[in-house]
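**Student:** what's the 3D shape of this:
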Amino acid sequence: MPKVLRYEMQWDEETYAMAERAARASGLTSIKAYVTQLVKQHAPETLKAYSSIQLTNEQFDAFCEACDNPPTPTAKLRRAAQALDQEGFAKCQPPIFCPWTRAQSISNHSIAARAGLTLTFTATR
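**Tutor:** Numbering: from 1, shown residues only. Presented below is the predicted three-dimensional model:
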């Protein structure tokens, strides 16, 4: 049996009443069951939407060029990388095809990787 975790929420009266009515209208016996159902239905869609980026061929070529010839990291970017390290974020391993240095890997890709997402790039014509 999977471990059950607890999550507490505070709602205003109007939102609570609306959730209670929606739970009953859905045939569920509690707000907890309703919220659980909503998460199970919508979280996969949300995660999928944020894990894929569709690029044109020109955009993909520009991305590959930036990976192959990255600009020198600025002082501001180096400070951002250090701040993330100090906050306890795991170091992200850059993709094999992209020879980034540690400071250069601070991008949407590494932030998504830290959130447990895998980005896929699809070139379109």
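**Student:** so what's Gln37 scoring on pLDDT?
**Tutor:** You'll see Gln37 listed with a pLDDT of 95.
**Student:** who's in contact with the longest helix that the chain contains?
**Tutor:** Using DSSP state H to define each element, the chain has its longest helix at helix 31-49. Helix 31-49 is touched from outside by 16, 19-20, 22-23, 26, 28, 117, with contacts defined as C-beta atoms under 8 Å, 6 or more residues apart in numbering. The way it works is simple: take the backbone N, C-alpha and C, and place the C-beta from them, glycine included.
**Student:** can you pull out the helices in the protein?
**Tutor:** 13-25, 31-49, 57-68, 75-86, 108-114.
**Student:** can you tell which of those helices is closest to Arg6?
**Tutor:** Ranking those by distance to Arg6, with C-beta to C-beta as the measure, places helix 31-49 first at 10.4 Å.
**Student:** Just want the angle from the closest one to helix 13-25.
**Tutor:** 90 degrees (axes from the mean of the first three to the mean of the last three C-alpha atoms, to 10 degrees).
**Student:** Which helix or strand in this structure has the lowest average pLDDT?
**Tutor:** Here the helix or strand of the chain ranked lowest by mean pLDDT, DSSP states H and E is helix 108-114, holding a mean of 48.
**Student:** Please identify the deepest-packed of the helices of the chain.
**Tutor:** Among the helices of the chain, helix 108-114 has the highest mean neighbour count (mean count of other C-beta atoms under 10 Å), at a mean of 17.
**Student:** what stretches of the protein score poorly on pLDDT?
**Tutor:** 89-125 (pLDDT under 70).
**Student:** before we move on, the earlier item: pick out the most distant pair among the contacts of helix 31-49.
**Tutor:** Within those, Glu20 and Leu117 form the most distant pair, 33.3 Å apart (C-beta to C-beta).
**Student:** OK, contacts around the closest residue to Trp11 other than its chain neighbours?
**Tutor:** Excluding the flanking residues, the one nearest Trp11 by C-beta to C-beta, 6 or more residues apart in numbering is Ala19, at 7.1 Å. With contact set as C-beta under 8 Å, 6+ apart, Ala19 has these partners: 11, 31, 34-35.
**Student:** switch to 10 Å and redo it
**Tutor:** 9, 11, 30-32, 34-35, 38 (C-beta atoms under 10 Å, 6 or more residues apart in numbering).
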